[in-house]
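**Q** Pasting the sequence and the predicted coordinates here, then a few questions.
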Amino acid sequence: MAGAEVSKSEVVGREEDLATVRGFLADIERLPSAVFVEGEAGIGKTTLWRAGAAAAEELGYLVLSTRPAEAESRISYAALSDLLGSVIDRAVVELPPPQRGALEVALLLRDAEGRVPDQGAIAFGVLGALRAVADMPVLVAVDDAPRIDRHLRNGDRRRQDERPDEGRREPRSRDHL
Ligand SMILES: Nc1ncnc2c1ncn2[C@@H]1O[C@H](COP(=O)(O)OP(=O)(O)O)[C@@H](O)[C@H]1O
Ligand SMILES: [Mg+2]
């Protein structure tokens, strides 16, 4: 369960969509913001998502990505583990201990010692972790957002009510980049 593969693959056509994604990525002043990609299966959402993530890397973004598999939707914080896995060490080092502890327990990096991690502490920990690595623009790229595990989704409910899917600086998709 490493971060998602976001290697560049050939995209045929889709110039308008790619331009939208690139324009979104280039508009750093507008951060934080989100782009969502929606459509039927097979229409090319993942292809666009990959191209968007590759474009973000070229633009100097730190790309944190996940492509949760169906089975992972039942695993607590599986997507969060993908998203933060590559940066977790430096992301948590300066977090307040309750947030760091809760986040590390949620990501199975630390023994829970019989206590269920507090959702609020995890949420603040995630925010703090993202801020800690945001010395460059950060793209949180999620492909197949409905497969995000329910723990992470529940924590994200307020944002989902505000906009149909999730994200922050990225091509959105029911796949969302
Ligand atoms: N613009 C495109 N250029 C090249 N191949 C594409 C393009 N859009 C889709 N495909 C191909 O079509 C198939 C389905 O696309 P995919 O991105 O997985 O769709 P979705 O994520 O919407 O289900 C994949 O094999 C993909 O490589
Ligand atoms: Mg797809």
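**A** Received the coordinates, thanks. Ligands and ions are numbered 1, 2, ... in the order given.
**Q** surely S86 meets V63?
**A** No: using Cβ atoms under 8 Å, S86 makes no contact with V63, being 9.2 Å away. Every residue, glycine included, has its C-beta placed from N, CA and C.
**Q** Distance of the residue most central in space within the chain relative to L64?
**A** Nearest residue to the geometric centre of the chain (Cα atoms, centre = their mean): V140, 3.4 Å. The gap separating V140 from L64 is 5 Å, by Cβ to Cβ, to the nearest Å.
**Q** Identify the contacts common to those two.
**A** L83 (Cβ atoms under 8 Å, 6 or more residues apart in numbering).
**Q** and the closest residue to ligand 2 within the chain, how far is that from A134?
**A** Closest to ligand 2 within the chain is T46: 3.2 Å, counting by Cβ to the ion. Between T46 and A134 the computed distance is 26 Å (Cβ to Cβ).
**Q** Tell me which of S86 and V63 has more neighbours.
**A** Applying other Cβ atoms under 10 Å to S86 and V63 shows that V63 carries more neighbours, namely 23 against 16.
**Q** Which strands border the helix or strand where the more buried one lies, and is each parallel or antiparallel?
**A** Using DSSP states H and E, V63 sits in strand 62-66. Strands that pair with strand 62-66, judged by DSSP bridges, come out as strand 138-142 (parallel).
**Q** Please report the distance of the residue in the chain sticking out farthest from the centre from ligand 1.
**A** Each residue of the chain has a distance to the centre, and by Cα atoms, centre = their mean the biggest one is for G114: 28.6 Å. The gap separating G114 from ligand 1 is 41 Å, by Cβ to the nearest ligand atom, to the nearest Å.
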